[in-house]
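Q: Generate coordinates for the sequence data below:
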Amino acid sequence: MRPFKFTRAANPISAIQGISNNPTAKFLAGGTNLIDLMKEDVAYPTELIDLNHLDMKQIILSSNHKDGNGISIGSLGKNTEVANHPQIRTHYPLLSKAILAGASAQIRNMATNGGNLLQRTRCSYFYDVAMPCNKRTPGSGCAAIDGFNRMHAIFGWSEQCVAVYPSDMAVALSALDASVKIMEASGSVKSVPIVDFHLLPREHPEKDNVLARTDLITAIEIPKNNFAAHSAYLKIRDRNSYAFALVSVAVGLELEGKIIKSARIALGGVAHKPWRAYESEKLLEGKIPSLENFENAAAAELIKAKPLSHNQFKIQMSKNAIVNALKLALTGTETSI
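A: Residues are numbered from 1 along each chain as shown. Next comes the predicted model:
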């Protein structure tokens, strides 16, 4: 690890000013991803701006949504605190399930909510500084596209990058129509829907999300919904703990009698961002929750998949995962495989 300066920010504005004054500085919150990147010499900031003393940790009910009360989650709160918060477990159990499916208890105790959204890919070629990687070094090439790409994307990839985004939490937040509150260098705060927050690689895979370098995530807001009774997070992985998803699915269903009034489905492990299965959602709305309808909905989304040389299996795995997650959502249960 290279030497760096450590600076403790007194408030959000001073944190932003610190980043503005040093083009090679980075924010530090939990550090569970950034420190790994520094150890591997993938990231080498000359200064870390410590955010941990800022007042952005609360979980509070919010009335800033057009459809009534939702919840606001401070960006510097810990993942463990969110997963175990009574309001989250009662009204947004999908988020709790997704967080608890990720990493280890020790990581969740350190990792922050804002930092979770900013995780970089776990592509092995990205972490190997001897290999070409457009995400790490723009213009150097993508070793994964013709390499061993079993873990890589089947949606939204480009010739520049085929890596996938690793967060479980963000997949659930995508299904819950969350938004990200961002403080800009001017001090003004804007809100970005999480479905627009992360970017597909296209010509600039080094750009993971819409944040400017001096932007600071202050909170994550989730609108009120009616999915609490029928939600599930299904994560399929090579081992049962501390492993990233081959495919994951977050599902929320709102039932009206025996009809699906609305559905939300997001996939993880298949794209450069959480992948909303809009085609599946549209086909389910107004239908009865039957196996045939679940299978048709899953197939409709996977038509768009473009597998690589080593991940053709993810197409059928994703179809099965969507169907099984929908079945689990009907009973409000969840599992990991």
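
Q: Distance check, the residue of the chain positioned farthest from its centre against Tyr165.
A: Relative to the C-alpha centroid of the chain, counting by Cα atoms, centre = their mean, Gly257 is the outermost residue, at 32.0 Å. As judged by Cβ to Cβ, to the nearest Å, Gly257 and Tyr165 stand 37 Å apart. Bear in mind the C-beta positions are built from the backbone N, C-alpha and C, glycine included.

Q: next one: Ile88
A: According to Cβ to Cβ, Ile88 and Tyr165 sit 22 Å apart.

Q: So for those two, which residue has more residues nearby?
A: Comparing Ile88 with Tyr165 by other Cβ atoms under 10 Å, the one with more neighbours is Tyr165, at 26 against 20.

Q: Backbone dihedrals for the residue nearest to the more buried one when sequence neighbours are not counted, please?
A: The shortest distance from Tyr165 to any non-neighbouring residue, by Cβ to Cβ, 6 or more residues apart in numbering, is to Lys273 (5.2 Å). Dihedral pair for Lys273: phi -150, psi 170, per degrees, to the nearest 10.

Q: list the contacts for Lys273?
A: 156, 165, 170, 198-200 (Cβ atoms under 8 Å, 6 or more residues apart in numbering).

Q: measure the residue nearest the centre of the chain to Asn21 for me?
A: Against the mean C-alpha coordinate of the chain, by Cα atoms, centre = their mean, the closest residue is Ala170 at 2.5 Å. Here Ala170 is placed at a distance of 30 Å from Asn21 (Cβ to Cβ).

Q: So what touches stretch 156-165?
A: Residues from elsewhere that reach stretch 156-165 (Cβ under 8 Å, 6+ apart): 119, 121, 123, 126, 134-135, 142, 144-145, 149, 151-153, 198, 200-205, 208, 268-275, 306, 308.

Q: contact partners of the biggest helix by length in the chain?
A: Taking DSSP state H as the assignment, the helix of the chain that covers the most residues is helix 313-331. Applying Cβ under 8 Å, 6+ apart, the external contacts of helix 313-331 come out as 154, 230-234, 236, 246-253, 265, 267, 269-270, 277, 280, 284, 289, 291, 294-295, 297-299, 301-302, 305, 307, 334-335.

Q: Can you flag which of these belong to helices?
A: Among those, DSSP H puts 280, 284, 291, 294-295, 297-299, 301-302 in helices.

Q: just the strands in the stretch 51-200 of the chain please.
A: 59-62, 70-74, 179-183, 189-193 (DSSP state E, counting those that start in this stretch).

Q: do you know which of the ones you listed lies nearest Glu40?
A: Proximity to Glu40 (Cβ to Cβ) singles out strand 179-183 among the strands of the stretch 51-200 of the chain, at 27.0 Å.
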